[in-house]
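Student: with the input below, show me the fold.
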Amino acid sequence: MSPRHEPSTEDRSRVEAAVGRPLEGDFWVVARRRDGTPMVIENAPFLRDGTPMPTLYWLVDRALVEDVSRLEGGGGVHRFEELVDPDALERTHRLYARRRDERGGRRPGPVPTGGVGGTRRGVKCLHAHLANFLVGADDPVGALVARRVAVPPWTTGEVDDTVAVIDCGSNSTRLLVDARGREPRREMHITRLGEGVDARGRLAPEALARVARVLDDYADLARRAGVDRGLVVATAAVRDAANREEFLEDAALRTGFDVRVISGRDEAALSYAGATADLADDPRPTVIVDVGGGSTEIAARLGGRLIGHSMQLGCVRVTERALGSSPTGESRDRANAMIAREIEAAMVALPELAAHAGPLRVVGLAGTVATLAQLDAGLAVYDRAAIHHRILTRDTVRAWADRLAALAPSERLALAGMVPGREDVLVAGLLVLDAVLERLGVTEVVASEADILDGTVAWLRGVHQPDTMEVVGGDS
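Tutor: Sure, this is the predicted structure:
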């Protein structure tokens, strides 16, 4: 969802100079270089004389237009079409057309048709796909083009916009509404979207229904908060699901936001950006460990590069595949073996981290770490200030894993600090966290309540651009 501010006289002059002629319809600048230069405009669906205008988002950055033209001249249109999932491409066209049609309203006579580039299927224009990607749409062709050309740091909208991000994780669905000058609003519901994905390879109907109800509530909250721009990000559960397109289209329709399935690489980068933004300076390199429901991300900045990897480990995945909600000695051994294999694979993918000999500062993110911090503090009521940047020792992690493993899930709920919906999967999350700390040779972890939501808000505001960051490692 892109904001539409009337173009200034300067913007109008810049855009018309870039395209080489006066424009015959209304337009709005919806993406800019960080210096303010227009990169993408949004066109009204009809020119002033009533002629249909099928191109909603138009790339007007001269340097990018030239770079993309060279890609097209080298056969890029057909090459990129062959590289992307045809179902994902079809959804991109469908949502693009729907967004344009919603802008146009009803009127007699000819109307704009087609999706990106004016076509209903396949790839016609790489410029149009890149423009669609730059305004925040989940456009697989645009994402590939962005990685092939020198896209400069960019931003969408104005700095004073109210923005919202929804994170559809494997275990929880969360919302962050960020308005300049006001306290951010955060919401979280346990929805268990990833339940059964490991076994069935599909998102279950009951899981989709749980998330749909929460998305409806979040969309209503966003409207009442005056949100100008929003983005839904989906992670491991949706990445792994055969019916992901069904979920993505429904999420876009319910929220009115653009929806993206982000790679494990970008998940690590966004989590790192969010978690490190308000950390105190420290001479040690910082490693973030984001223990989610379906995956666990590790990211660190070493040697001037941000390196990251996404492991197929998470509290829900380990519980379902190996541990069970009431662990036994045998199931715990299976879980630990599964965790060890994934961590060693991560070290192979991140040799700089595996070879690092000095001390590290480890920052832990997401529900497993947050719930552990609440349990350790004995908080019956959530208090962000009390757990954000709380230091947790490895002995604390292991002690709580052992204590919780000895209790039935219903008994764990009676403990001050236990979050309903995490009681059956928290032990698995703690085993993952403990194993990572052991492998990195550290004895404590800093709990952070700032995470991928905060990093994605920064991305929307143009502070961080994960697609242009030098991130290496897993890209699952």
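
Student: quick one: buried residues of the helix or strand residue 298 falls within?
Tutor: According to DSSP states H and E, residue 298 maps onto strand 296-302. Residues of strand 296-302 classed as buried: 296-300, 302 (neighbour count, 16 or more other Cβ atoms under 10 Å). Where you see a C-beta, it was placed from the backbone N, CA and C, and this is true even at glycine.

Student: same question for stretch 332-344.
Tutor: 332, 334-336, 338-339, 342-343.

Student: CA atoms of it as CSV?
Tutor: Output of stretch 332-344 as CSV, limited to C-alpha atoms (Å, rounded to 0.1, in the frame of the first residue of the first chain):
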residue,chain,number,x,y,z
ARG,A,332,15.0,-35.0,24.0
ASP,A,333,17.9,-36.9,22.5
ARG,A,334,16.2,-36.9,19.1
ALA,A,335,15.6,-33.1,19.4
ASN,A,336,19.1,-32.4,20.4
ALA,A,337,20.5,-34.4,17.5
MET,A,338,18.2,-32.6,15.1
ILE,A,339,19.3,-29.3,16.5
ALA,A,340,23.0,-30.2,16.4
ARG,A,341,22.8,-31.1,12.7
GLU,A,342,21.2,-27.8,11.7
ILE,A,343,23.7,-25.7,13.8
GLU,A,344,26.7,-27.5,12.2
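
Student: helix/strand/coil for residue 287?
Tutor: Using DSSP: H, G, I helix; E, B strand; the rest coil, the structure places residue 287 in strand.

Student: beta partners of it?
Tutor: Judged by DSSP bridges, the bridge partners of residue 287 are residue 300, residue 362.

Student: how close does it sit to residue 147?
Tutor: 26 Å (Cβ to Cβ, to the nearest Å).

Student: the more surrounded of the two?
Tutor: residue 287 (25 against 10; other Cβ atoms under 10 Å).

Student: what sits against the more buried one?
Tutor: 298-300, 353, 360-363, 440 (Cβ atoms under 8 Å, 6 or more residues apart in numbering).

Student: which one of those residues is nearest to residue 221?
Tutor: residue 363 (28.6 Å; Cβ to Cβ).

Student: assess the claim that the closest one and residue 279 are in contact.
Tutor: Yes: using Cβ atoms under 8 Å, residue 363 makes contact with residue 279 at a distance of 7.0 Å.

Student: name the residues contacting each of the two.
Tutor: Counting by Cβ under 8 Å, 6+ apart, the contacts common to residue 363 and residue 279 are 286, 446, 448.

Student: what is the burial count for residue 20?
Tutor: Neighbours around residue 20, by other Cβ under 10 Å: 7.

Student: now residue 425: how far from residue 170?
Tutor: Relative to residue 170, residue 425 is positioned 10 Å away (Cβ to Cβ).

Student: can you list residues touching both of these two?
Tutor: 293, 316.

Student: excluding its backbone neighbours, what's nearest residue 397?
Tutor: residue 434 (4.8 Å; Cβ to Cβ, 6 or more residues apart in numbering).

Student: contacts only, for the one you found.
Tutor: 394, 397-398, 401.

Student: assign the residue nearest to the spatial centre of the chain to helix, strand or coil.
Tutor: For the chain, the residue sitting closest to the mean C-alpha position, by Cα atoms, centre = their mean, is residue 233 at 3.8 Å. State at residue 233, reduced to three classes by three-state DSSP: strand.

Student: what's the pLDDT at the residue nearest to residue 443 when sequence neighbours are not counted?
Tutor: Distance criterion Cβ to Cβ, 6+ apart; nearest residue to residue 443, sequence neighbours excluded, is residue 394 at 5.0 Å. In this prediction, residue 394 carries a pLDDT score of 96.

Student: which residues does residue 394 contact?
Tutor: By Cβ under 8 Å, 6+ apart, the neighbours of residue 394 are 434, 437-438, 442-445.

Student: again, but for residue 354
Tutor: 347-348.

Student: remind me which helix or strand it belongs to.
Tutor: Using DSSP H and E, residue 354 sits within helix 351-355.

Student: what sits against the closest residue to residue 276 other than its chain neighbours?
Tutor: Nearest residue to residue 276 in three dimensions, chain neighbours excluded: residue 286, at 5.8 Å (Cβ to Cβ, 6+ apart). With contact taken as Cβ under 8 Å, 6+ apart, residue 286 is in contact with 276, 279, 300-301, 360-363.

Student: most neighbours among those, which one?
Tutor: residue 300 (26 neighbours).

Student: just the closest of the contacts of residue 286 to residue 454, please.
Tutor: residue 276 (9.8 Å).

Student: contact partners for the closest one?
Tutor: 286, 288, 363.

Student: sorry, back to before: did I read that right, the residue nearest to residue 397 in a strand?
Tutor: No: Residue 434 is assigned helix when assessed by three-state DSSP, not a strand.

Student: mind checking how far it is from residue 335?
Tutor: 11 Å.

Student: find the residues that touch each one of the two.
Tutor: With Cβ under 8 Å, 6+ apart, residue 434 and residue 335 have no common neighbours.

Student: that's a strand at residue 260, yeah?
Tutor: Yes: counting by three-state DSSP, one finds residue 260 located in a strand.

Student: for the stretch 201-350 of the chain, just list every one of the helices.
Tutor: For the stretch 201-350 of the chain, the helices defined by DSSP state H, counting those that start in this stretch cover 205-224, 236-239, 244-255, 264-276, 315-318, 329-349.

Student: quick one: closest of those to residue 379.
Tutor: That would be helix 315-318 among these, by Cβ to Cβ, at 19.7 Å.

Student: just name whatever secondary elements that closest one is in contact with.
Tutor: helix 329-349, helix 426-440 (3 or more Cβ pairs under 8 Å, 6 or more residues apart in numbering; DSSP states H and E).

Student: touching that helix from outside, list them.
Tutor: By Cβ under 8 Å, 6+ apart, helix 315-318 touches 170-171, 192, 194-195, 198, 236, 291-295, 335, 338-339, 367-368, 422, 425-426, 428-429, 431-432.

Student: still on that earlier bit, I figured the residue nearest to the centre of the chain hits residue 262, correct?
Tutor: Yes: with contact defined as Cβ under 8 Å, residue 233 reaches residue 262; the gap is 5.2 Å.

Student: who touches both of those two?
Tutor: Common neighbours of residue 233 and residue 262 (criterion: Cβ under 8 Å, 6+ apart): residue 270.

Student: which residues of the stretch 1-150 of the chain score low on pLDDT?
Tutor: 1-5, 104-108 (pLDDT under 70).

Student: so where do the strands sit in it?
Tutor: Ranges of strands in the stretch 1-150 of the chain, per DSSP state E, counting those that start in this stretch, are 27-33, 38-43, 57-59.
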